[in-house]
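Asker: this one's sequence-less:
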């Protein structure tokens, strides 16, 4: 497998050690970064940052990686805690200037390694003065002395309206307006209005369902991770070929793992197909865009290896 991109020399030693440990877990699993991202529910760019030591790794991501790689989570706990303490030290140094008024050079160098989107997404630690002023401006004003007077006026208006309705009803009775039809028979009651069906809602993070998912990335649409299951699988050489299905999204796609660059995988549903190839680099897996399905058994996954061995290998329905 091609080597990883070298880690920065400016990384804290504990952060570097933990990033290297995570890389070894990915290597031993035979999964690429893309497959790890899909199976753990974290996107590819986030895992690139974790594995490059550019971003602290949350406990949930470590637990998910341990599960998909078959690693005992307790084995990673001590290293994860050391890396977390290192990130905390980096944060402390950022907040406290050195005696000469400058910040720690290593801290500033590590900050330059962070992607722009990470800093943009970091939540503020304390509300700014502008926010405080806006909150003060939005707070409800003290009740004015004229409010009871306006409330009394509303009550009087409502009482007059009710009195007018009762008077009109009495006048209709006196005039013989019984509500019957012209022939003296009682008019049929109005037909009840059919209830309006509430629109179906999708779980948080899920962005499509059924035909709307066709051609879309299952990870980007929120259909992967815990919402997806493998409903069929086969082997093409050393590669594992799977049909992945999401009942929530009513869609299926194909996935290949343990493969080499140039291997391809396709998903087929009622004559429609979508294809993906394993890219050059460190990845050993790929997955296709989705196709809408009525049932999980509607989809078939096929793989063709780059070396031409075995021809096309497909799952059985």
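Answerer: It's in. Since the structure is predicted, the reported quantities are computational estimates derived from the model, not experimental observations. Residues are numbered from 1 along each chain as shown.
Asker: residues in contact with the closest residue to residue 44 other than its chain neighbours?
Answerer: Spatial nearest neighbour of residue 44, chain neighbours left out: residue 37 (4.4 Å); criterion: Cβ to Cβ, 6 or more residues apart in numbering. Where you see a C-beta, it was placed from the backbone N, CA and C, and this is true even at glycine. By Cβ atoms under 8 Å, 6 or more residues apart in numbering, the contact list for residue 37 reads 43-44, 46-47, 219.
Asker: Please apply the same query to residue 64.
Answerer: Taking Cβ under 8 Å, 6+ apart, one finds 39-42 in contact with residue 64.
Asker: ok, 6 Å please
Answerer: residue 40 (Cβ atoms under 6 Å, 6 or more residues apart in numbering).
Asker: ok, now residue 223?
Answerer: Residue 223 makes contact with 246, 249, according to Cβ under 6 Å, 6+ apart.
Asker: Wait, a helix at it?
Answerer: No: in this structure, residue 223 is coil, not part of a helix, as judged by DSSP: H, G, I helix; E, B strand; the rest coil.
Asker: any idea how far the residue nearest to residue 44 lies from residue 64?
Answerer: 10 Å (Cβ to Cβ, to the nearest Å).
Asker: what's the answer for residue 236, then?
Answerer: Residue 236 is 27 Å from residue 64, by Cβ to Cβ.
Asker: Same question for residue 78.
Answerer: Distance from residue 78 to residue 64, by Cβ to Cβ: 19 Å.
Asker: ok, now residue 210?
Answerer: Residue 210 is 28 Å from residue 64, by Cβ to Cβ.
Asker: Identify each buried residue in stretch 280-287, please.
Answerer: 282-287 (16 or more other Cβ atoms under 10 Å).
Asker: Make a PyMOL selection of whichever of the contacts of residue 37 turn out to be buried.
Answerer: The PyMOL command for the buried members of these (criterion: 16+ other Cβ under 10 Å) is given here:
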select buried, resi 44+46+47+219
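Asker: quick check, nearest of the contacts of residue 37 to residue 18?
Answerer: Using Cβ to Cβ, residue 47 comes nearest to residue 18 of those, at 13.8 Å.
Asker: Which residue, neighbours along the chain excluded, lies closest to that closest one?
Answerer: That would be residue 37: by Cβ to Cβ, 6+ apart, it lies 4.9 Å from residue 47.
Asker: How is that neighbour assigned, secondary-structure-wise?
Answerer: Secondary structure assignment for residue 37 (three-state DSSP): helix.
Asker: returning to what we had before: with distance to residue 84 and secondary structure added, can I get the contacts of residue 37 in JSON lines?
Answerer: Putting the contacts of residue 37 into JSON lines (distance: Cβ to Cβ, whole Å; DSSP: H, G, I helix; E, B strand; the rest coil) gives the following:
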{"residue": "43", "distance to residue 84": "21", "secondary structure": "coil"}
{"residue": "44", "distance to residue 84": "23", "secondary structure": "helix"}
{"residue": "46", "distance to residue 84": "17", "secondary structure": "helix"}
{"residue": "47", "distance to residue 84": "18", "secondary structure": "helix"}
{"residue": "219", "distance to residue 84": "27", "secondary structure": "coil"}
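Asker: Next secondary structure after the helix or strand hosting residue 45?
Answerer: Using DSSP states H and E, the element containing residue 45 is helix 44-51. Using DSSP H and E, the helix or strand that follows helix 44-51 in sequence is helix 59-69.
Asker: Mind listing what's buried along that following helix?
Answerer: Of the residues in helix 59-69, those buried (16+ other Cβ under 10 Å) are 61-62, 64-66, 68-69.
Asker: again with stretch 236-246
Answerer: 236-237, 239-246.
Asker: What's the end-to-end length of stretch 274-294?
Answerer: Start and end residues of stretch 274-294 are separated by 17 Å (Cα to Cα, to the nearest Å).
Asker: contacting residues around that stretch?
Answerer: Residues outside stretch 274-294 that contact it (Cβ under 6 Å, 6+ apart) are 2, 31-32, 34-35, 210-211, 213-216, 218, 251-259, 261, 263-267, 269, 272, 299.
Asker: can we see that at 7 Å?
Answerer: 1-2, 4, 30-35, 38, 210-211, 213-218, 223, 250-267, 269, 272, 299 (Cβ atoms under 7 Å, 6 or more residues apart in numbering).
Asker: Please pick the buried ones from the residues you listed.
Answerer: By neighbour count, with 16+ other Cβ under 10 Å, the contacts of stretch 274-294 hold 4, 30-35, 38, 213-214, 216-218, 223, 250-261, 263-267, 269, 299 as buried.
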